[in-house]
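Colleague: predicted model, plus sequence, below.
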2 protein chains.
Amino acid sequence: MNLDLEKTLEKHNVKPTAMRLLVLQFLLTEKAAMSLTDLENHFDRSDRTTLFRTLKTFAEKEIVHKIDDGTGVTKYALCEEDCHCEIETDLHVHFHCKICNETICFPENKIPYINLPDGFIADDVSLTVTGICNKCNKSL
Amino acid sequence: MNLDLEKTLEKHNVKPTAMRLLVLQFLLTEKAAMSLTDLENHFDRSDRTTLFRTLKTFAEKEIVHKIDDGTGVTKYALCEEDCHCEIETDLHVHFHCKICNETICFPENKIPYINLPDGFIADDVSLTVTGICNKCNKSL
DNA sequence: ATAGGTAATGCAACAGAAGTGCATTATTTT
DNA sequence: AAAATAATGCACTTCTGTTGCATTACCTAT
Ligand SMILES: [Mn+2]
Ligand SMILES: [Mn+2]
Ligand SMILES: [Zn+2]
Ligand SMILES: [Zn+2]
C-alpha cells in the first residue's frame, strides 16, 4: 500500500479503498488520458460499474478531469497539483492523435480567454486539437 | 421546390433529392445546431438512417459541419458561405447552453492559433464553451 | 420507350458507451 | 454486537451511432 496514494485520496475526501488506490496508481503511471474501457481492460477482475463510479467520484472530488476529445469516448486524466478545474486558471488544451489514438494533456497550454457576445456566461470550456502526435510523426 | 436550395446542393455535388432539400431547408430555418435525433423528431415520416446518411453526405461535401459540444450528441450546422472547414480560416467557437440545451455557432469567433510542442501536427480543432446563453440569462 | 446500371431510401439488426436499481458485502459508528 | 453507512457487483436499460441488405427511384445509353 502506497501511503502517498492514500494521502492523495484523503486530501480530496475520498475514502481510500483498494480499488480506488489501484485506479489512482494506474492513472499515475499512464501519461495518456484513459477511458472507462481502458480501465476495464486493465483491471480484468473488477466490475465496470465500480470503475465507472470510481471515475465519477474522482471527477467530482477534482482528482481527475473529464476530457472530451471528440472521439465520443470520455477520457480521464489526473488533475495537476492544486487544480480546482477553474475555467480561468486550470483548463488546458488536449491533443488527440488520430494514428495512435492517444489523448494527452497540454497543461502548459492554458485555454485562451474567449470573448463572448453580451449576455453569455461561460462556465466551462473545452479545446481539443486533433492530428498527429510527435511519436507518430517520427515514424511516418 | 426552392431553386436556391437545389443550387446549393448542386454546387456541392450533392443530388437534390426531396429529403435532402427538406433537411437543408430545415437547417436554414433553425439557428441552433441540430442533432440527428432533432431531425428525426422533426421529420416524423422519414427514416433515421436516411437522415443519418443525409447529414453524413452533407458533412463530407462541406454543406454542414459536425459539432462536438461536449454533450455526447453530435450536432450539425450549416457551413458559412465559401467555407471549406479549414483549420486556420473556417473553424470557429461553439457555445452550448446548459439551460436551454441549445448549441450555437459563433462564426465571428475564429479559433485562436494553438502553439503545439515540436513534432505535433494539427488537422482539426474544436473549441466549445459551455454555460448560459443570452436568452436564458435574461430570464434568470 | 425500354432495359440496365447507379444512387438513394427504408427496415432491421447490432455495437459501444453511459447510466440506474437493487441486492450484497465491507466499513464505520454507536 | 448491532445498526447505520458506504462501496461493490450484477443485471438490465437507454441512447447514439452505424452497417447490411433488400427495395425503390433515378439516370443513361441503345
Ligand atoms: Mn488534461
Ligand atoms: Mn459552427
Ligand atoms: Zn500518436
Ligand atoms: Zn440557453
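Modeller: Perfect, thanks for sending it. Ligands and ions are numbered 1, 2, ... in the order given.

Colleague: briefly note if stretch A:29-49 comes near DNA strand D.
Modeller: Yes. Judged by Cβ under 7 Å from any atom of the strand, stretch A:29-49 and DNA strand D are in contact via A:Ser46, A:Asp47, A:Thr49. (Each C-beta comes from the backbone N, C-alpha and C, glycine too.)

Colleague: do that stretch and DNA strand C meet at all?
Modeller: Yes. Using Cβ under 7 Å from any atom of the strand, stretch A:29-49 comes into contact with DNA strand C via A:Ser35, A:Leu36, A:Thr37, A:Arg48, A:Thr49.

Colleague: find the residue closest to the third one in space, skipping its chain neighbours.
Modeller: Using Cβ to Cβ, 6 or more residues apart in numbering or on different chains and skipping the chain neighbours, the partner closest in space to A:Thr37 is A:Val73 (7.1 Å).

Colleague: quick check, pLDDT for that neighbour.
Modeller: Looking at A:Val73, its pLDDT reads 97.

Colleague: now it. Its backbone dihedrals?
Modeller: Summarising the backbone geometry of A:Val73 under the convention degrees, to the nearest 10, its torsions are phi -110, psi 120.

Colleague: just the buried ones from the residues of stretch A:29-49 next to DNA strand D?
Modeller: When these are checked for burial by 16 or more other Cβ atoms under 10 Å in any protein chain shown, the buried set is A:Ser46.

Colleague: just the ones in helices from the residues of stretch A:29-49 next to DNA strand D, please.
Modeller: Among the residues of stretch A:29-49 next to DNA strand D, the ones falling in helices (DSSP state H) are A:Thr49.

Colleague: of the residues of stretch A:29-49 next to DNA strand D, list those near ligand 2.
Modeller: Here nothing survives when these are matched to ligand 2 using Cβ under 5 Å from the ion.

Colleague: out of the residues of stretch A:29-49 next to DNA strand D, flag the one nearest to ligand 2.
Modeller: Using Cβ to the ion, A:Thr49 is the member of the residues of stretch A:29-49 next to DNA strand D that lies nearest ligand 2, at 36.2 Å.
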